[in-house]
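# Sequence first, then the predicted structure, then my questions.
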Amino acid sequence: GKLVYYFGKTKTDGDGKMKTLLGGKGANLAEMTAIGLPVPPGFTCTTECCAEYYKQGEKLPKGLMEQVTKSVTMLEKELGKKFGDLKSPLLLSVRSGAALSMPGMMNTILNLGLNDESVVGLANSSGNERFAYDAYRRLINMYGDVVMEVGHEYFEEAFDKIKKKYNAATDNDVPTEGLIQLVEAYKKVYRKHTGQPFPQDPVEQLALAIEAVFKSWNSDKAISYRRIEGITGLDGTAVNGQAMVFGNMGDDSGTGVAFTRNPATGENKFYGEFLVNAQGEDVVAGIRTPQPVAEMPKWKAPNDKTIGKKVHAELMKIKDKLEKHYKDVQDIEFTIEKSKLYMLQTRNGKRTGPAAVRIACEMVKEKLITEKQGVMRIPPNDLTQLLLPSFDPAGKKKASPLTIGLPASPGAAFGKLAFSADEAVDRAHAGEKVLLVRKETSPEDVDGMHSAAGILTSTGGMTSHAAVVARGWGKCCVAGAGEIHIDEKAKKIKVGGKTYGVKDVLSIDGSTGEVFAGEMPTVEPKLGGHFGTVMGWADKYRKLGVRTNADSPADSKRAREFGAEGIGLCRTEHMFFEGDRILAMREMILADTQPAREKALKKLLPFQRKDFEGIFKAMKGLPVTVRLLDPPLHEFLPHDKAAVKELSGATGVSAKEIEVRVSQLHEANPMLGHRGCRLSITYPEILTMQVTAITEAAINCRKKNIDAQAEIMIPLVGTVNELAPLRELTEQTIEDVKKAKKFTGKLPILIGTMIEIPRAALTADEVATQADFFSFGTNDLTQMTFGYSRDDVNGFLPDYIDQEILEKDPFQSLDTSGVGQLVSMAVEKGKSVNAKIKLGICGEHGGDPASIAFCHKVGLNYVSCSPFRVPIARLAAAQAAL
Ligand code: ADP
Ligand code: MG
Ligand code: MG
């Protein structure tokens, strides 16, 4: 088959769409050639060759070198030079390039084809001896480094000696005779470390270089990069052989890299750097400090006074042409050989979230792309960067992280260390900025978490309690930073051999998981006009509603500002933890008769009513789905001696009795235990209290002309036989409250359930007879479908991802092929008996773009996610609809 694709004047086999086969670099070199840009000709060995190379136990595929040789012959004809010629040799670069860009992860070799004889020929034919030896020393260095794995430092040492000898500050200050000596020195280094002389046969050089690029596909750093970026399913890298052009031929030559627009801010301004008399990686390697391209017009060469102006003008033309052609920001590499500009690479430029938004808006305005294309351009998750304060990138560049944990909740936070929730609350009240540092957090820590500027834990994963709660609040959190040793008693942490205490400040970056010593400067987000424009487009095209998970008026208000169209999940358990409420709650749990329980519940009622009133008010007539109490009761009980004593004092129940009750309530598997609707079956008075509070709040609001839209959600239903009596009790309670409050107006309250137990999904046609709505609780549904405890999954999940047993964390992105089947089945079955049933999702997945696309596809009415993810969900929903 066809293993090698040619690009040049003679013919161009490939095009920009063939990235899978030719790699991004190869496909775009073909495309640029085809649209008439000045690209040195060359050829691309396909990614399939790389796959074949590994399949055959690291051997070049049969026929590859024959096809390469044919391409080289074509190049020779086109350029009038011969590869391996001794007088005026054609030189080649051999460049890696996979379908997805992996910058700097794989290998490139320049100036291939030089040897001891042809270097003299090159010196003569170019009339530039210095250049010829500069090219040769670079070849020996790169070839040794890449093909033979000779440490780069050995070459550096040799170079340093020569530089010293000639008192040269930079590479460019070394005179020609120095470079000639350097070539000899490099050959010695090569021989010493490989046991062989530097290969003089250009064809052998070429074959080994191609093989070395294939090998670099499986280098450690390339493998790590693919793992971190979640790149899977690629064949391998392509290899590009390309005629060399030389930026190191003197003051009328140079090389550079640029972005057609600023990739950090999105500003429509050509942005880049270049170096005069330099080759290849010199610009990015930081050997010399490059100049901004904006200064290029000032560049003058002795033999060409207007070189800078001409090249700059030409670059600007090419920039426009590329943007018009690709309709996106391009990241380009170019080289100038004796005043002539060549394009060596183009690809879509990586950019920050704010830049993505600005670029999309401006390109739509410039009519370069349509509004719909604009919507598709922005990675929804990157919007996060626009919503939260972040560390100043300049500051981060200067520091190096102490350790890196899981990026559990994005944002940037710094503060002095606090080691318990109470301490965090107290010190925050006293005006201090604190980071709450815990091994892991429990529901009892919520106050402390709320008060802290950020949360840092040494165990726990992305769906740990701390992470979920922090994301809901938009609070910065780094979880599972396992290298940190926490000594709670001594109030000290140890990391990287250093110790930090209550007076020390750390900074945590919740977007990357990085932990830094000291205070890192931050920059506040600006929700400028571009953001609003993008959100407007999103709302125009999406079909899915977007609600939020919120359980306080403040969160509700913020979510509404971010565009939430209702609350899809108002958890009520958090409401039992604040202040005195926890005492009343504990009193209720300790009570052993129904009347005693009812008495304690009565104390809680006014608190709940007030909470709901606040939320209904904040949501201004938008629907609010309230979930009845869900966690097992023992979560609310005191777990240490001091707390038991306090409770005993407050309730008059003896410490001993409390301890007995605590152990009675202990469950081996609390997540599969006495929780959710099971609580309401055994203690109906809890449901009655909560429904009373909701109904009274709704009526009170209506009396104040606030159009409260309550939806009551009964969690953890597995059979319709649970839901039926609870629905009846709920309806009865609503009627009782109406009667008691003499309310005769309209009060539409929907009653529905969560679908989070597989059995409920399987029997959704029965469950739907008792439900006005379904809300898919995909956290529990995932947990119960896989049988993975979501609190413990971090013990093995990383191995599962590494070994590609799972493609991604199913708690973060819905497992559409497994858990998704239960969702779509429940949708169908539910609709078959109740055509009007409302369908939503309220798990963590409601804010995940891939999961949102699935929700759109199966026909849900809305997704619900934490407030800070609402804009992300709006955009992702629009993308799903386009
Ligand atoms: P990477 O993928 O790491 O960017 P490249 O294959 O782009 O590696 O090569 C790195 C650099 O080598 C290029 O930016 C360019 O400056 C130089 N280079 C590659 N091929 C050629 C060539 N044919 N002529 C001149 N310079 C080249
Ligand atoms: Mg490159
Ligand atoms: Mg649940």
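It's in. Ligands and ions are numbered 1, 2, ... in the order given.

# was I right about Ile87 contacting Ala123?
In this structure residue 87 is Lys, not Ile. No. Shown here, Lys87 and Ala123 do not form a contact pair, counting by Cβ atoms under 8 Å, at 10.7 Å. C-beta: built from backbone N, CA, C; applies to glycine.

# Tell me how this structure divides into domains.
Per automatic domain parsing, the structural domains of the chain span 254-348, 389-523, 550-748.

# Make CSV out of the ones you listed and add mean neighbour count.
Converted to CSV, the domains of the chain look like this (neighbours: other Cβ atoms under 10 Å):
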stretch, mean neighbour count
domain 254-348, 19
domain 389-523, 20
domain 550-748, 18
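
# Between Lys87 and Ala123, which has more neighbouring residues?
Neighbour tally, Lys87 and Ala123, criterion other Cβ atoms under 10 Å: the higher count belongs to Ala123, 19 against 13.

# returning to what we had before: could you tell me the least trusted of the domains of the chain?
Lowest mean pLDDT within these: domain 389-523, a mean of 87.

# Establish whether that one and ligand 3 are in contact.
No. Against ligand 3, domain 389-523 shows no contacts by Cβ under 5 Å from the ion, the least distance being 11.4 Å.

# coming back round to it: and Arg138, which of the domains of the chain is closest to it?
Within the domains of the chain, the stretch nearest Arg138 is domain 254-348; the backing value is 6.4 Å (Cβ to Cβ).

# and the closest one, does that touch ligand 1?
Yes. With Cβ under 6 Å from any ligand atom as the measure, domain 254-348 is seen reaching ligand 1 through Thr255, Gly280, Glu281, Glu333, Thr335, Leu344, Gln345.

# And that domain, end to end?
Taking Cα to Cα, to the nearest Å, the span from the opening residue of domain 254-348 to its closing residue is 23 Å.

# Next: stretch 172-181.
Start to finish, the residues bounding stretch 172-181 are 15 Å apart (Cα to Cα).

# So what touches it?
Stretch 172-181 has contacts (Cβ atoms under 8 Å, 6 or more residues apart in numbering) with 129-130, 133-134, 137, 162-163, 165-168, 182, 277-278, 288.

# let's go with 7 Å and repeat that
Glu129, Arg130, Tyr133, Asp134, Arg137, Ile162, Lys163, Lys165, Tyr166, Ala168, Asn277 (Cβ atoms under 7 Å, 6 or more residues apart in numbering).

# Now for those, which sits with the most neighbours around it?
Using other Cβ under 10 Å as the neighbour definition, the contacts of stretch 172-181 reach their maximum at Arg137, which records 29 neighbours.

# in this protein, what residue sits furthest out from the centroid?
Going by Cα atoms, centre = their mean, the residue of the chain most distant from its centre is Lys742, 53.5 Å out.

# Look at that residue and tell me its secondary structure.
For Lys742, the secondary structure call by DSSP: H, G, I helix; E, B strand; the rest coil comes out as coil.

# Could you do the one 10 residues further on as well?
Using three-state DSSP, the structure places Gly752 in strand.

# can you check Tyr190 too?
When the structure is split into helix, strand and coil by three-state DSSP, Tyr190 lands in helix.

# wait, doesn't it sit right on Gln200?
No. In terms of Cβ atoms under 7 Å, Tyr190 does not count as a neighbour of Gln200; the distance is 11.9 Å.

# more neighbours, the two?
Remark: of Tyr190 and Gln200, Tyr190 carries more neighbours, 23 against 13, as counted by other Cβ under 10 Å.

# per-residue pLDDT, that one?
96.

# what sits against Phe562?
Contacts of Phe562 were listed using Cβ under 7 Å, 6+ apart, and they are Pro867, Val870, Pro871.

# Need the three-state assignment for the spatially most central residue of the chain.
Among the residues of the chain, Asn381 comes closest to the average C-alpha position under Cα atoms, centre = their mean, at 6.8 Å. Here Asn381 is recorded as helix under three-state DSSP.

# And it, how far from ligand 1?
To ligand 1, Asn381 is 25 Å away according to Cβ to the nearest ligand atom, to the nearest Å.

# and what of Pro810?
As judged by Cβ to the nearest ligand atom, Pro810 and ligand 1 stand 34 Å apart.

# which residue ranges form the strands in the stretch 651-800 of the chain?
For the stretch 651-800 of the chain, applying DSSP state E, counting those that start in this stretch gives strands covering 709-714, 750-755, 773-776.

# Nearest approach to ligand 1 belongs to which of those?
Evaluated with Cβ to the nearest ligand atom, the strands of the stretch 651-800 of the chain place strand 773-776 nearest to ligand 1, the distance being 43.4 Å.

# what's that closest one packed up against?
Using 3 or more Cβ pairs under 7 Å, 6 or more residues apart in numbering; DSSP states H and E as the contact test, the elements touching strand 773-776 are strand 750-755, helix 819-833, strand 838-841.
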